[in-house]
Structure formats: C-alpha cells, structure tokens
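>>> The amino acid sequence is not available; the structure is as follows:
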C-alpha cells in the first residue's frame, strides 16, 4: 500500500484498512499487564532503596542510574494506562498510576489533555500543545527576534537535558495550573506531593539520600524521556503533509520515527521506539507493538533513527520544515 494516494476517498479507505490491520493487537492481556506493572514497580522500589541505603557511593550511583532507567519504563506504563491500552477500568491500576503521577510531576489532567491533542494533531503546523513546536522556514524568516529565541530555547538540547525542571515541572505542571487553575488543580497536588517528597527526604534522610534516590534518577529519566519524545517527531526524513492529504493515520507513518534500539534499552523504554505504530493505534499495549509492526507490511519501512551520537546530532539539526524542498533543515539553511 502506497502512502501517496491519489484521492481523499482513497486516502480514507487506505487509512481504515491500515488501522483495521492493527486492530487485532489493540487488546491488552490483563495478567501480562499486571505482571509488567508489578515487576517494574518492585524493581524501581528496590533500585531507589539501594540508591538511598547502599554503603558505598559507587553502588548508590549505579542504583540511582538504574532507578532512572526504571522510571522511564514506569512512565511508559503510565502512558499506556492513560491511553487505555493497559488495565482500562481498573480502580487499583488507577490508584497506583495516579499516585505515581502525583509524585513524578505528570498530573493526569494536564498530561491527558496535552497528549491527546498531540496525537490528534501530530505532523501539523502549528501544533505546539503537548509537543515541541515546529516552524516552517517561512515562519522562521518572518518571525520576530523574540519568537525565534523562544523557539530555539524550547528545542535546545540544554532544555531537554534539564527536562526535570523545564518540561515536567514547568511545562507539564506549572504552566497549565497558572493558565486554568480550575481545570488543572491536580497539577497543584502534583507540585505539592513532589515538593513534600523532596523536603521529607532532605530533612529526615539528608541531601545525599535526596540526591541519589530522587534528584538524580528523576533528572536522568526526564532528560531521556524528553529526548525520546523530541527525536520521535523531529528527525531527518520526517515529512509534514499538506492539509488536503493529512490524516492522523498518514501522519503516524511519515511524521513519527522508528527509534531502533537494542533489547536492553528497548525494555527500559517500553518499546516506545515503535512510535509510528503507537501513533497509528494508541490502544496497542507496549508489549504488542513489535508484533504489530512485524505483522503489517506497511509499518515495516519507517524512517529510522537511533541513539548513536551522529543520529542524535542529526535530530538536533532538524530544526525547521522547508516546504519548498519537503524536508527538515537547519536554522542556517532557512
């Protein structure tokens, strides 16, 4: 099936067929889902306990890094739960994940609203809610200095490196609360819960425990999560479809990457690298994404990126969408 279809009717029919081909995988296996949730939270608790209590600082550092990686996996489980891909309707799962979200700066209302908007508008310009902003070269040339500076700052590697503060604390929690406090009151609860966790560890256990058991793993997980999200929608080879051709399904294939990872990192990131498959059908649980890609031929030729340094640099150089050439370009090429 070709992505470049001749008519809107043909596009819509192809979309339905392609989405239908993934429907068999949009089913969660309850026992398997609970096993992944239980084992991941258990490992996370053990890693953070080791980061807090290990008698030798290299062991604490190793446990803290492991905790950060497990926080990434835990977030993917939360992400899937919020999509309804795992454990839908479970009150126990809701209690577990909402408690996690409160402490980890991902309040459900803010996250759900922004992320659902992102899914509904992926690959569209402008679409700044729930995603990194994307300008065309024409918008860049006509933009004010302040607009250009703001755009550079939001997409800058330092912003992603500091995602704990810049993305999760500020953009996910604080900004929605300030804009619509009546709607996003759970952001205040998240900020309060996280602040109480930080203060309690500092006062009752000391700064070293706070650093190894919370600040370092949260910083690592946020930076890694921030980059994963950036690279999945800002990469060489990404395409922005004209409005008359755009659908969420087509954008899933051309505006979302496949992040090829080794088995260990793929486990820690909960298969989120199969991002084009996830955007095609967000009800597929993370553990069935590889099978869906293997079963549907149209999903087997995505644009690929990796975590190799040259690919990371290439993603950070994919700054603007050039409508004339139909590709992502650097600022200096605008």
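Structure received. This structure is a prediction, so every number in the text was calculated from the model and none was measured.

>>> Could you pull up the contacting residues of residue 103?
190, 193, 194, 197 (Cβ atoms under 8 Å, 6 or more residues apart in numbering). All C-beta atoms are positioned from the backbone trio N, CA, C, and that covers glycine.

>>> As CSV, the residues you listed with distance to residue 153 would be great.
Below are these laid out as CSV (distance: Cβ to Cβ, whole Å):
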residue, distance to residue 153
190, 24
193, 28
194, 24
197, 28
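
>>> Neighbour-wise, give me the winner out of the residues you listed.
With neighbours taken as other Cβ atoms under 10 Å, the top of those is residue 190, carrying 29 neighbours.

>>> check which helix or strand covers that residue.
helix 185-205 (DSSP states H and E).

>>> Residue 255 reaches residue 233, doesn't it?
Yes - distance between residue 255 and residue 233: 6.4 Å, which falls inside the contact criterion (Cβ atoms under 8 Å).

>>> Need the residues touching each of the two.
Residues touching both residue 255 and residue 233 (Cβ under 8 Å, 6+ apart): 122, 123.

>>> any weak-confidence spans in this structure?
Within the chain, the stretches falling below the threshold (pLDDT under 70) are 1-14, 127-130.

>>> Can you tell me the centre-most residue of it?
In the chain, the residue lying closest to the centroid (Cα atoms, centre = their mean) is residue 229, at 4.1 Å.

>>> Check whether it really touches residue 115, as I assumed.
No - look at residue 229 against residue 115 with Cβ under 8 Å: they stay out of range, at 9.9 Å.

>>> host element of the most far-flung residue of the chain relative to its centre?
In the chain, the residue that sits farthest from the middle, by Cα atoms, centre = their mean, is residue 55; the gap is 34.6 Å. Assigned by DSSP H and E, residue 55 belongs to neither a helix nor a strand.

>>> Just list the residues touching it, thanks.
By Cβ under 8 Å, 6+ apart, residue 55 lies in contact with nothing.

>>> what does residue 304 give?
257, 258, 259, 260.

>>> what's it sitting at in phi/psi?
phi -110, psi 140 (degrees, to the nearest 10).

>>> give me the number of residues near residue 141?
Neighbour count of residue 141, defined by other Cβ under 10 Å: 11.

>>> which non-adjacent residue is nearest it?
Leaving aside its sequence neighbours, residue 141 sits nearest to residue 334 (Cβ to Cβ, 6 or more residues apart in numbering; 5.9 Å).

>>> Neighbour count for residue 255 and residue 233, which is higher?
residue 255 (26 against 22).

>>> Apart from its chain neighbours, what residue comes closest to that one?
Residue 255 sits nearest to residue 123 (Cβ to Cβ, 6+ apart), 3.0 Å away.

>>> number of nearby residues for the one you found?
Other residues near residue 123 come to 24 when the count uses other Cβ under 10 Å.

>>> Does it touch residue 251 like I think?
Yes - using Cβ under 8 Å as the test, residue 123 is close enough to residue 251 to be in contact (3.4 Å).

>>> Fine, thanks again, bye for now.
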